[in-house]
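Engineer: from the sequence below, what's the structure:
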Amino acid sequence: MSVLLETSAGDIVIDLNVDDAPKSCENFLKLCKIKYYNYSPIYGVQRDFSFQTGDPLGPDSKDSDGGTSIWGLLSPSKPKTFTAEINLKFKHKERGTVSLATTQSKTDPDERLAGSQFIITLGDNLDYLDGKAAVFGRVVEGFDALEAINGAFVDDSGRPLKDIRIRHTVILDDPFPDPPGLIEPDKSPVPSAAQLATVRIADDDELEVEEDQEALEKLRREREAKAQALTLEMVGDLPFAEVKPPENILFVCKLNPVTASEDLELIFGRFGTILSCEIIKDKKTGDSLQYAFIEFEKQEQCEMAYSKMQDVLIDDHRIHVDFSQSVSKLSEHWRDGENTKRKTRGGGWGGIRDLEKRRKYRGEEDAGRKSDGKYGLVFDKQKQDRDSRRKRSRSRSPRGDRDRRSYEGAEKQQHFRNFDRGIAVHTSAPSNISFDGVRAITGNLTMVGHKAITNIGANDLQFIGGDLDIQDCPSLQNITFPLLTNVTNLYLQNLASLDTLGFISGLSRADSVHIQNTSLANLEGIGLASGADVMFIAENRHLQDITLQVTNVAQSLSIGDNGDGSVVNLNSLKIAQNLTFWNCQQINIPLLVNVSGTLGVSGNSIEVLIAPNLTTVGGTLAINDNWELTNISLPLLKTIAGGLQVQRNQLVSTVILPALQVVGGATELYGNFTSVSFPSLVDNRGAFSVQSLLNISSSCAYFDKYVGDGGIIKGRYQCANIKAADSPSTPTTAPTDRNITSTSAISNPSSTSTESTGLSTGTKTGLVIGMSLGLLAIGAVVLSLCLKRRRRGRAGDLGKEGDLLPELSAEEKARFEVDSRPVYEVDSGQSVVRPAELPAKRSLDGPGRG
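Structural biologist: Okay, the predicted model is just below:
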């Protein structure tokens, strides 16, 4: 919520803290709305400290009552002051802090009262005002006006010798309803006689009554236009009030709310290459505001679209097109970047003086439209002089690749707005590299194997059309791209000294992100709220806070082997294809609804696994080897298209999936269970094996009735209490029935089971004994074949692997080989849940490093 104060020293924009000081903000907004502050003098100016205003007459007038709150004005029966909202959490730390002036209550010494007067600070760290003035806002634009007030000549009381007054107030957003009796005037009221009596030396910009009406109207319009420009600057449509817009951007309005940016890009793409196409949306609701900006590569393309697309029908709406008068795409980045840099140098909010006038697209003298289509930023004069003395030559990369340019060539051309093709930083480049001035790189920015570099940055870079690829730079400490928001792929690998990311504006788009073997402590700057295709974050030894705002993962998200006690927060994630977690201490996925592929949670130290909104897993759900896991809560999970595995989680005693209806593959549970329950299960299409080292007979009795022809459990069935020696991890033979296969993506081949056919108990017992003897016989055959193979190996005549076990299929041979592993080693079948970067074999300490 913001207010614009038009003063004779310049315009000032104030952001209000309506959440923490609602009453103060309401009082200020309503007084501005009724034009109470118009023509109020500025007084109490103390250099580098503060100034005061808000009394319509000022302290020098004998008629002044010191100002009145909005409630006192509307209801004379009410007090003219109100209890001030003093929150010691908000202090006068920065220049431009806005607070209500207060006075001590006569009845309660602990209470302070406020009316209409307010204070704006002119310096930093003014703790004297803390507890005495009620902070309710801060200045975000107009620091040149603050400088003018700070430097004004004043008398002994702090009043400027030459009047500085509030001329007009503009409310940009008012969230509070009007109190009863409030009437907003149609126009600004003229100064009262009492106000005119307080004038000392009128400011030079005052309108003189002797001027003719035409001149007065012209000055009025100029002043109004300037105020409107500053308003647009404040809301983000202009970077600076005096800026001139580029001429290759088209403004399109009267759009249908359902029209998307992709639709416009497709329609307008026939006129030439489009650099960007964006429909502006409400920041709170995300709804289309029904206008857009389309940036073409060339001015001629923009002019052609302007001439052809007026009143064209798009989605049943006739659109209107014009040349854009906005540079809002850059304003937010420029302001944030400048404020950050100035603030670190003591400039406070908004930067230093004349920030608004320091940079423009073109000089004031450049009138008319240009024909060459080049509208690069014009930087300050000193930088221009330095750049003009440089030799403008292009340098090829060491490999002669025409699609890349070396760092040296990029440095020599960094004053250009865009950098064609790509940049490859050679290993002989300096240890501190900056590409200031480059706004866009259409190709890749690559730096691999530079052992000495410590810093790389580009303060103006916003877009990389290819990859940002930085690898094997052990000394690199800082990556500084404060305005960068778009890359195709991000690779940050083997950067042992990198502990922070300088993506201040936050990456909003990247197809894939690979961060591996760094010293990062967090992932601040990796926004990607709209999602990514691939994310791989592993082996970052100091990374404990893994917080990502992604809502959608199109292919895979893999997180593991990061800092001890790493906490994964995916609080916005709703849809993913494949998710893999290992060596994590905590995993938060509160909004996850659908995993179309595999969900693997293996080898973690998590205590609970909770996915309260998960309904579907399109592949295998594998929850294995989580040695501290005690609770699995998936209350809404209905469908698992692949297999279900819950194995070797030593502290999990109960597995209850109340909504589970369908398992498309095999269900394989092994552990220390006392209860397993799937009360809604209607179809288990693969094998069903539940083995527990504890008593699970009651659960088995429940599942027994689901077995048989036409039953819920279609495949092999086994539910039993077993001894540790009979664990599925102990060596055993492969199943004898070659026609029964499991659709589980991560199988536990060593678990043996009989197939229930609904026969009598005696028949079942006979079958079990017969099959057991058969298994022993096959085990003996296999053992003899293995001995034969070993003897043939000693003889040097091994032959082909397929000749050694003619009676077993390839799948059964693979299962037999896996069965020979020691206890608690995960079988190789689990590699399908892991990303390609990870090895298949893992020990009790968790998955191996990729």
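Engineer: can I take it that His265 is in a helix?
Structural biologist: Not His; residue 265 is Glu. Yes - per DSSP: H, G, I helix; E, B strand; the rest coil, Glu265 lies within a helix segment.
Engineer: and the residue nearest to it when sequence neighbours are not counted, what does it touch?
Structural biologist: For Glu265, ignoring the flanking residues on the chain, the nearest one in space by C-beta to C-beta, 6 or more residues apart in numbering is Cys277 at 4.1 Å. From N, CA and C alone the C-beta is placed, and that goes for glycine too. Cys277 makes contact with Ser261, Glu262, Leu264, Glu265, Phe268, Ala292, Phe293, Ile294, Glu295 under the criterion C-beta atoms under 8 Å, 6 or more residues apart in numbering.
Engineer: repeat that with 6 Å
Structural biologist: Residues near Cys277 by C-beta atoms under 6 Å, 6 or more residues apart in numbering: Ser261, Leu264, Glu265, Ile294.
Engineer: and the residues you listed, which of them are buried?
Structural biologist: Ser261, Leu264, Ile294 (16 or more other C-beta atoms under 10 Å).
Engineer: can you give me the strands in the stretch 151-300 of the chain?
Structural biologist: Secondary structure of the stretch 151-300 of the chain (DSSP state E, counting those that start in this stretch): strands at 166-171, 249-253, 274-281, 288-296.
Engineer: just the buried residues of the shortest one, please?
Structural biologist: Looking back up the chat, that one is strand 249-253. Ile249, Leu250, Phe251, Val252.
Engineer: send the alpha carbons of that strand over as CSV?
Structural biologist: Output in CSV follows, covering the C-alpha atoms of strand 249-253 (Å, rounded to 0.1, in the frame of the first residue of the first chain):
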residue,chain,number,x,y,z
ILE,A,249,8.4,-3.3,-27.8
LEU,A,250,4.7,-3.4,-28.6
PHE,A,251,1.9,-2.8,-26.1
VAL,A,252,-1.2,-5.0,-26.6
CYS,A,253,-4.4,-4.4,-24.6
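Engineer: can you redo the buried residues of strand 249-253 as TSV with distance to Leu660 and pLDDT?
Structural biologist: Formatted as TSV, those follow (distance: C-beta to C-beta, whole Å; pLDDT from 0 to 100):
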residue	distance to Leu660	pLDDT
Ile249	54	90
Leu250	54	90
Phe251	54	90
Val252	50	92
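Engineer: now, which of the residues you listed sits nearest Ile14?
Structural biologist: Minimum distance to Ile14 across the buried residues of strand 249-253 is 28.9 Å, recorded for Phe251 (C-beta to C-beta).
Engineer: just for the stretch 251-400 of the chain, where's the confidence low?
Structural biologist: 326-400 (pLDDT under 70).
Engineer: which residues sit in contact with Met559?
Structural biologist: No Met there; residue 559 is Ile. Contacts of Ile559 (C-beta under 6 Å, 6+ apart): Ile537, Val568, Phe581.
Engineer: same question, Gln104
Structural biologist: The contact partners of Gln104, by C-beta under 6 Å, 6+ apart, come to Arg112.
Engineer: again, only this time at 8 Å
Structural biologist: Applying C-beta under 8 Å, 6+ apart, we find Gln104 in contact with Glu111, Arg112, Leu113.
Engineer: drop anything exposed from these.
Structural biologist: By 16+ other C-beta under 10 Å, the contacts of Gln104 give Arg112, Leu113 as buried.
Engineer: any chance of TSV for the strands of the stretch 151-300 of the chain, columns distance to Thr654?
Structural biologist: Shown next, in TSV, are the strands of the stretch 151-300 of the chain (distance: least, C-beta to C-beta, whole Å):
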stretch	distance to Thr654
strand 166-171	59
strand 249-253	59
strand 274-281	46
strand 288-296	49
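Engineer: for Asn624, which of the ones you listed is the nearest?
Structural biologist: strand 274-281 (43.3 Å).
Engineer: and that closest one with strand 288-296, angle?
Structural biologist: Calculated by axes from the mean of the first three to the mean of the last three C-alpha atoms, to 10 degrees, strand 274-281 forms an angle of 170 degrees with strand 288-296.
Engineer: just want the angle from strand 274-281 to strand 249-253.
Structural biologist: Using the same axes, to 10 degrees: strand 274-281 against strand 249-253 is 30 degrees.
Engineer: tell me the buried residues in strand 274-281?
Structural biologist: Buried residues in strand 274-281 (16+ other C-beta under 10 Å): Ile274, Leu275, Cys277, Ile279, Ile280.
Engineer: nearest to Lys308 among the residues you listed?
Structural biologist: Distances from Lys308 to these, taken by C-beta to C-beta, are shortest for Ile274, at 14.7 Å.
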